[in-house]
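1. need a structure here:
(one chain, ligands or ions: 2)
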Amino acid sequence: MANDRVKFLDTTLRDGEQSAGIGMTVDEKLEIAMQLQKLRVDIIEAGFAASSPGDFRAVNNIAREVRGPVIASLARAHPNDVDQAWEAVKVAESPRIHVFLSSSEIQVLHQLRKNREEVMEMAVSMVERAKKHCSDVEFSPMDATRTDPEYLYQMLEAVIRAGATTINIADTVGYAIPSSFAQLLRDIQEKVAGVEKVTLSVHCHNDLGLAVSNSLAAVEAGARQVEGCINGIGERAGNASLEEIIMALDTRKDLFKVDIGIDTTQIYPTSRLVSRITGMAVQANKAVVGENAFRHASGIHQDGVLKDRSTYEVMQPERVGVPGNSLVLGKLSGRAGLQSRLEALGYMLSREEITNVFESFKMLADKKREVTDRDLEILMDEEKRESTEPISYTLEQVHFSSGDHDIPTATIRLIGPTGEVFTDASTGNGPVDAVCKAIDRVIGCTSKLTGFNVQSVDEGLDSVGTVTIRIENAGRTFSGRGASTDIIVASAKAYLSAVNRMLGADEEANLPAVGSTPD
Ligand code: KIV
Ligand code: ZN
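-> Numbering: from 1, shown residues only. Ligands and ions are numbered 1, 2, ... in the order given. Next up, the predicted model:
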C-alpha cells in the first residue's frame, strides 16, 4: 500500500515576517519564493494581502511568477480581506485563500468582544465568500489548542460544510504538548463530520520549544499538512522549523511511513538565503542547518566519522545541500577556482558576471586569509543588490575616528543620482551614529534607526561583518544590508541602502525629492 503524502505549507513570508525586527522588500520576498519553489514546498503562504499595499504587491508578484506550489494569501474573517486575498492570488497557477478567526474563549471574549454564535457565523460566511472566489480554501481556528473542544468541533464541521478544503489546527501561542496535541488531532478525526474529505493541517508556535515535536506528533496522529518557517523564524519564539520537520520525516521514514515531495538538497541554500535577507542569524548548533550541525569536535567522534560517517551522523550533509569543501579560496586563487566554488554553491554565472564578481573577490581576498563559502554568498548578495536595487546615492568613501577619549566623528563622500559628488561630516554618539548622521546631512533628511543587527560571517578576527539596519521615516519602514571586513563601513553601506530604498519609494509615490547641493 502506498504511503500517505504529507504536504508542507511554508509561511516564512507571512508568519516569518512577523518576527520582531524583520522587514522584507517585495523583491526579497519574490527571491525567497523562487527558492521555495526549488525546495518544492507544496504551498507558499506569500503574505497577508489586505495588510498593506506592499504585502498585496508581494503576494501578487509571487502569484504571477512562481510556478509549481499553491500560492496562498492570509485573510481575516472580513469581507474586504477575503476579496483582497483573492485579487492578489487569482493570477496564480493554483491559488488559495486562507481565512483565520479566533476560536478560544479568551480571544473571542477579550479580543473580538463577540459571543460564540457571532464568531461561528463570521467563520461560515467568510469561508462561503472565499469559496465563491476560489475552490481551494483553508480555514484556521486561531488559538485552537486553548479552545473548548466541543465548540472547536462545531466550528470545524460548519466551515467544512461551507466549503473549506483544508482545516488548520493552530497552536497559536505554543501551548500544546505532543501527547495532548496528538490526542486533539485524533479526537477531531473521530468527532468532526466531513473531516475525512478535507486536509487536516497543523500550525505550531515554539513558545515552549515544542513546535517541531508537536508537528511530528500531529503527523503520527493523522495530520497531512504541516505549516512552518525556514530556520524556525516567526512571531515571538518562532514557528515550527520547516527543515527540521522535513528531515525528521525523511530520516525516520521507517517510523512515520509518509512520503514528502521536498528536494532536501535545497534546504541549506534556502536557509542561508532566508538568514541573509532577514538578517536573522542561524544559531551554530541549530539542527540540520546550523554551522556545527555536521562538525565533529571530539577525538572519538572524529575517529568514528573518518572510518564511517554513519557512526555519528544520522543524515549526510549532502542530503540537505551543505556543499563539500575541498578547495580553499584565497588571494592566489584564479577565476576557474572561484567559478567552480560558486557553482557548487548553486550560482550559475555568465562570463561577464564572473568577471564582476572576480574583481570584488580579489579585493576581499586581499583583506582576508581565506575566502569562505559564507563570504561568497555575501559577495553574490551585494552584486545582486547593486544590479537590482534602486540606487540614488553610492558610497564613495567613508572615514571615521573614535576612541574612549574622542568624540566619534565621520566624514562621508557620496556620488549622487546624476554623478555629483557630495561630502559632509558629523559627530555622533558612536561611529555608527556619526556615519548615519553624516549620510543624513548629505541626503537632507533624518530617519530614525529602529533596528541594527551585526553578524559575523565566520569565526576569524578578519571575518566579514554583515549589518542589517531598519529605518523609519514618516511612518514607513525600510531595511538595508551591507557587508565589509570593517563593520562601520558595513553599517554605512546598510544605512545608505535603506535610505536608497526610501528614496526609491518616494519616487514611486511621486513625493518631492530630498537632496542637497553638490560640493
Ligand atoms: O498562529 C496562528 O494562529 C496563525 C494563524 C493565522 C494560522 O498564524
Ligand atoms: Zn502563526
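2. How much space separates residue 351 from residue 73?
-> Taking CB to CB, to the nearest Å as the measure, residue 351 falls 40 Å from residue 73. No exception for glycine: its C-beta is placed from N, CA and C like everyone else's.
3. which one of these two has more residues nearby?
-> Using other CB atoms under 10 Å as the criterion, residue 351 and residue 73 rank with residue 73 on top: 34 against 8.
4. I'd guess that one is in a helix, am I close?
-> No. Going by DSSP: H, G, I helix; E, B strand; the rest coil, the assignment for residue 73 is strand, not a helix.
5. which residues does it contact?
-> With contact set as CB atoms under 8 Å, 6 or more residues apart in numbering, residue 73 has these partners: 45-49, 59, 84-86, 88-89, 96-98.
6. so what's it bridging to?
-> residue 47, residue 97 (DSSP bridges).
7. Report the separation between it and ligand 1.
-> Remark: distance between residue 73 and ligand 1 (CB to the nearest ligand atom, to the nearest Å) = 11 Å.
8. name the element residue 119 belongs to?
-> helix 116-133 (DSSP states H and E).
9. what packs against that helix?
-> helix 79-89, strand 95-102, strand 137-142, helix 149-162 (3 or more CB pairs under 8 Å, 6 or more residues apart in numbering; DSSP states H and E).
10. Pull up the pairing partners for the shortest one, direction included.
-> Read that as strand 137-142. If you go by DSSP bridges, strand 137-142 pairs up with strand 95-102 (parallel), strand 166-171 (parallel).
11. tell me which parts of this structure are close to ligand 1?
-> By CB under 6 Å from any ligand atom, the residues of the chain that approach ligand 1 are 15, 74, 100, 140, 142, 168, 170, 172, 203, 205.
12. Please parse the protein into its domains.
-> 4-278, 294-321, 335-387, 391-507 (automatic domain parsing).
13. partners of the helix or strand where residue 466 lies in the sheet?
-> Residue 466 is part of strand 465-473 when elements are defined by DSSP H and E. Note on strand 465-473: by DSSP bridges, its sheet partners are strand 448-456 (antiparallel), strand 476-484 (antiparallel).
14. Let me have those strands in a markdown table, extended by mean neighbour count.
-> Below are the strands paired with strand 465-473 laid out as a markdown table (neighbours: other CB atoms under 10 Å):
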| stretch | mean neighbour count |
| --- | --- |
| strand 448-456 | 16 |
| strand 476-484 | 22 |
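15. Those strands: which one's closest to residue 220?
-> Across the strands paired with strand 465-473, residue 220 has its closest neighbour in strand 448-456 (36.6 Å, CB to CB).
16. Quick one: residues in contact with the closest one.
-> Contacts of strand 448-456 (CB under 8 Å, 6+ apart): 21, 23, 279-281, 432, 436, 463-473, 477, 479, 487, 490-491, 495.
17. again, only this time at 7 Å
-> 21, 279, 281, 436, 463, 465-472, 477, 487 (CB atoms under 7 Å, 6 or more residues apart in numbering).
18. where does the stretch 301-450 of the chain dip in pLDDT?
-> Applying pLDDT under 70 to the stretch 301-450 of the chain flags residues 325-327.
19. And the strands in it?
-> 394-401, 409-415, 421-427, 448-456 (DSSP state E, counting those that start in this stretch).
20. ok, back up a step: and the contacts of residue 73, which is closest to residue 233?
-> Using CB to CB, these come closest to residue 233 at residue 45, 13.3 Å.
21. What about the closest one, how many residues nearby?
-> 27.
22. Packing partners of the helix or strand hosting it?
-> Assessed by DSSP H and E, residue 45 sits inside strand 43-47. Secondary-structure packing of strand 43-47 (3 or more CB pairs under 7 Å, 6 or more residues apart in numbering; DSSP states H and E): strand 7-10, helix 26-39, helix 53-65, strand 70-76.
23. if you compare these, which one is most tucked away?
-> Highest mean neighbour count among the helices and strands packed on strand 43-47 (mean count of other CB atoms under 10 Å): strand 70-76, with a mean of 27.
24. Rounded mean pLDDT for that strand, please.
-> Strand 70-76 carries an average pLDDT of 98.
25. Point out the least confident one among the contacts of strand 448-456.
-> residue 21 (72).
26. Helix, strand or coil: sort out it for me.
-> coil.
27. Now for it: which residues touch it?
-> With CB under 7 Å, 6+ apart, residue 21 has these contacts: 451, 470.
28. next one: the one 3 residues further on
-> Contacts were defined as CB under 7 Å, 6+ apart; by that measure residue 24 touches 17, 277, 278.
29. So which of those wins on neighbours?
-> Of the contacts of residue 24, with other CB under 10 Å as the count, residue 278 tops at 25 neighbours.
30. quick one: that one and residue 479, what's the gap?
-> 9 Å.
31. before we move on, what about residue 305?
-> 40 Å.
32. so whichever residue of the stretch 201-350 of the chain sits closest to ligand 1, which of the three states?
-> Proximity of the stretch 201-350 of the chain to ligand 1 (CB to the nearest ligand atom) peaks at residue 203, 4.8 Å away. Following three-state DSSP, we place residue 203 in the strand state.
33. sorry, back to before: just send the strands paired with strand 137-142 back as a markdown table, with mean neighbour count, mean pLDDT and distance to residue 370 too.
-> As requested, those are exported to a markdown table (neighbours: other CB atoms under 10 Å; pLDDT from 0 to 100; distance: least, CB to CB, whole Å):
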| stretch | mean neighbour count | mean pLDDT | distance to residue 370 |
| --- | --- | --- | --- |
| strand 95-102 | 26 | 98 | 46 |
| strand 166-171 | 24 | 98 | 44 |
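34. Tell me which of these sits nearest to residue 340.
-> Of all these, strand 95-102 comes closest under CB to CB, at 40.7 Å.
35. My guess is residue 57 contacts residue 26. True?
-> Yes. Using CB atoms under 7 Å, residue 57 is in contact with residue 26, at 5.1 Å.
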